[in-house]
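**Q** Take a look and give me a structure for this.
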Amino acid sequence: MAEWSPHEQREHDLTMNMFSISAAMVGVCLTAIGILRLVTAETKVQTLGDDLLAADAVFFATCCILSFWSFKTRRARLRQRLRLLVDTMFLFALVLMVAVCAIIVYAVL
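**A** Next up, the predicted model:
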């Protein structure tokens, strides 16, 4: 790491944050699925929310795996591509989570 440029060090730090946040978001999605199951059982409301949350958990888990891979690779070009993929997938997963929240609020109210 000592031979990395400041830009490369910053990218590594950001990817490390994405790794941690993605892992936490998998847990959030799984918790939300459990809560949603309880709410839908009580109110008899059918929703796609739990299916979409499960897909979102897979996206966040994939971000976590790709981040970890980017830490381990020594090839700079592959590392850059993995980081771009992680960034893109992470943003997509966040947008999907917001959409799922809107669906859940609409279905429950």
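**Q** Select the longest helix from this structure.
**A** Longest helix in the chain, counting residues (DSSP state H): helix 6-43.
**Q** Closest to the centroid, which residue in this protein?
**A** residue 60 (2.5 Å; C-alpha atoms, centre = their mean).
**Q** For it, what is the enclosing helix or strand?
**A** Residue 60 belongs to helix 49-72 when elements are defined using DSSP states H and E.
**Q** Could you list the buried residues of the helix or strand that that helix is followed by?
**A** Next along the chain after helix 49-72, taking DSSP H and E as the criterion, comes helix 76-108. For helix 76-108, burial by neighbour count (16 or more other C-beta atoms under 10 Å) applies to 79, 82-83, 85-87, 89-90, 93, 96-97, 100, 103-104, 107. Heads up, the C-betas are built off the backbone N, CA and C, glycines and all.
**Q** how big is the angle separating helix 76-108 from helix 6-43?
**A** Going by axes from the mean of the first three to the mean of the last three C-alpha atoms, to 10 degrees, helix 76-108 is angled at 20 degrees with respect to helix 6-43.
**Q** Remind me what helix 76-108 packs against, helices and strands.
**A** helix 6-43, helix 49-72 (3 or more C-beta pairs under 8 Å, 6 or more residues apart in numbering; DSSP states H and E).
**Q** Would you indicate which residues of the longest one are buried?
**A** It stands for helix 6-43. 11-12, 15, 18-19, 21-23, 25-26, 29, 32-33, 36, 40.
**Q** do the last one as well
**A** Residues 49-50, 52-53, 56-57, 59-64, 66-68, 70 are the ones in helix 49-72 that count as buried (16+ other C-beta under 10 Å).
**Q** Perfect, that will be all.
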